[in-house]
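*Asks:* could you look at this predicted model? Sequence included:
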Amino acid sequence: MIRARFMTKAGELVGFSVSGHAGYADAGEDIVCAAVSSAVQLTANGITEILGLSASVEAEGDTVSLRLQSESLGGRGAAAFLEALKLHLSVLAEDYPTNVKVTCTEV
C-alpha cells in the first residue's frame with residue numbers, strides 16, 4: 001500500500017511524505033504506482049525548480065518526502081502544488097482504497 005502523509009502547520013500544507021508500493025499489478029505494469037510517482041515528482045520539481053522555493057527533499061528507498069523551508073511558507077504557488085497533489089492522491093485513494101491511503105497531520 002502507498003501511504004501519503006501530508007503535513008500542515010496552522011492549517012496550511014507545508015509538506016508530504018509518500019512511501020510504499022501500490023501492489024495493484026506487477027512492477028512495470030502498476031498504473032496506481034505510476035500515477036502516484038509521477039504526481040509526486042511533478043509536485044517536488046514544480047516547487048523547487050519552477051517556483052524556485054527552498055524545500056527539504058529526500059528520496060530514499062520507497063519514500064519521497066518534501067518539507068517547505070520556513071522562508072517558503074505562505075507562498076500561494078507552493079500551496080497550490082501541495083493542494084493539487086493531495087487532491088490527486090485522495091481521488092486515487094477513493095478509486096483504489098486497498099492501494100493508496102492519505103492522511104494529514106499537524107506539525
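*Replies:* Cool, the structure landed.
*Asks:* am I right that residue 48 is in a helix?
*Replies:* Yes: assessed with DSSP: H, G, I helix; E, B strand; the rest coil, residue 48 lies in a helix.
*Asks:* contacts only, for it.
*Replies:* 55, 57 (C-beta atoms under 8 Å, 6 or more residues apart in numbering). Glycine gets a C-beta too; all of them are placed from N, C-alpha and C.
*Asks:* what pLDDT does it get?
*Replies:* With respect to pLDDT, residue 48 scores 95.
*Asks:* what number of residues lie near residue 66?
*Replies:* Neighbourhood size, residue 66 [other C-beta atoms under 10 Å]: 24.
*Asks:* show the pLDDT at it.
*Replies:* Listed pLDDT for residue 66 reads 98.
*Asks:* I figured residue 3 hits residue 93, correct?
*Replies:* No: counting by C-beta atoms under 8 Å, residue 3 does not reach residue 93; the two are 10.0 Å apart.
*Asks:* overlap in contacts of those two?
*Replies:* In terms of C-beta under 8 Å, 6+ apart, residue 3 and residue 93 are both contacted by the residues residue 101.
*Asks:* more crowded one of those two?
*Replies:* Taking neighbours as other C-beta under 10 Å, residue 3 and residue 93 compare with residue 93 leading, 21 against 14.
*Asks:* hey, what's the closest residue to that one other than its chain neighbours bridged with?
*Replies:* Nearest non-adjacent residue to residue 93, counting by C-beta to C-beta, 6 or more residues apart in numbering: residue 100, 4.2 Å away. Counting by DSSP bridges, residue 100 is bridged to residue 2.
*Asks:* OK, contacts around residue 100?
*Replies:* If you count contacts by C-beta under 8 Å, 6+ apart, then residue 100 has 1, 2, 4, 22, 32, 36, 89, 92, 93 around it.
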